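Q: sequence first, then the predicted structure, then my questions.
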Amino acid sequence: MQRTHKNPPRTAFDVFQMLPEGTLAEVIENQLFTAPSPTPYHQQACGDLFIEISLHVRKHKLGKVFFAPIDLYLDSTANVVQPDIVFISKSNPLKIDAKGLNGAPDLIIEILSPGNEKYDLGKKKKLYEKFGVKEYWVVDPLTKDAEGFILKGQSYQRIAKSQGKISLVGLGKIFRF
């Protein structure tokens, strides 16, 4: 679905809305960021984790799980991202509509690609913290390192650093990758 605009774009968010469907792009604090396609290692780790988490969530009827690319609108004008894996519990008021997900999910997992570690552990981590994402994990598919954070009050605290597995607090289960 191609998005159209009647007026010339004035913000990065306006430009984002004009991009063709499937473009790997995000807007953070009204700055547009683009990325190349993920590596096979990224996709393998993402797929393995998505399948395991999705099976667990479906079996226990805990909510919904999505994988990239899907637009997550943290607000309506300046922050839209495409996390690798997103979990939304049944009790979460996040809205799902034709354009994507609207609000803060319970869990986001980002899989690192070459060169995006600083972006995922810096800019995106701060953004997820600001908007109240309860649990955030970053996974390196090459080293098998994983680092998890939980929201305490208004800031993240590291809950784990592990190898080849993530122990999701919100789902109460360990998942291997």
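A: Arrived safely, thanks for sending.
Q: make it CA atoms for all contacts and neighbour counts henceforth
A: Fine.
Q: could you list the low-confidence segments of the protein?
A: Residues of the chain that meet the criterion pLDDT under 70 lie in 1-6.
Q: got phi/psi on residue 137?
A: The phi and psi values for residue 137, taken as degrees, to the nearest 10, are phi -130, psi 140.
Q: what do you get for residue 124?
A: With angles defined as degrees, to the nearest 10, residue 124 sits at phi -70, psi -40.
Q: so what's it closest to, chain neighbours aside?
A: residue 28 (8.0 Å; C-alpha to C-alpha, 6 or more residues apart in numbering).
Q: bridged to that neighbour, which residues?
A: Beta-bridge pairing for residue 28 (DSSP bridges): residue 31.
Q: right, and it touches residue 78 too?
A: Yes: contact criterion C-alpha atoms under 8 Å: residue 28 and residue 78 qualify, at 6.3 Å.
Q: please, which helix or strand holds the residue nearest to the spatial centre of the chain?
A: The C-alpha lying nearest the average C-alpha coordinate of the chain belongs to residue 83 (C-alpha atoms, centre = their mean; 2.2 Å). Using DSSP states H and E, residue 83 is not contained in any helix or strand.
Q: still on that earlier bit, can you get me a residue count around the residue nearest to residue 124?
A: 18 (other C-alpha atoms under 10 Å).
Q: spit out the contact partners of it.
A: Residues in contact with residue 28 (C-alpha atoms under 8 Å, 6 or more residues apart in numbering) are 78-81, 124, 127.
Q: next one: residue 27
A: 12-13, 16, 33, 78-81.
Q: list the buried residues for stretch 46-62?
A: Neighbour counts over stretch 46-62 (16 or more other C-alpha atoms under 10 Å) mark 46-47, 49-50, 53-54, 57, 62 as buried.
Q: what of stretch 60-80?
A: Buried residues in stretch 60-80 (16+ other C-alpha under 10 Å): 62, 65-74, 78-80.
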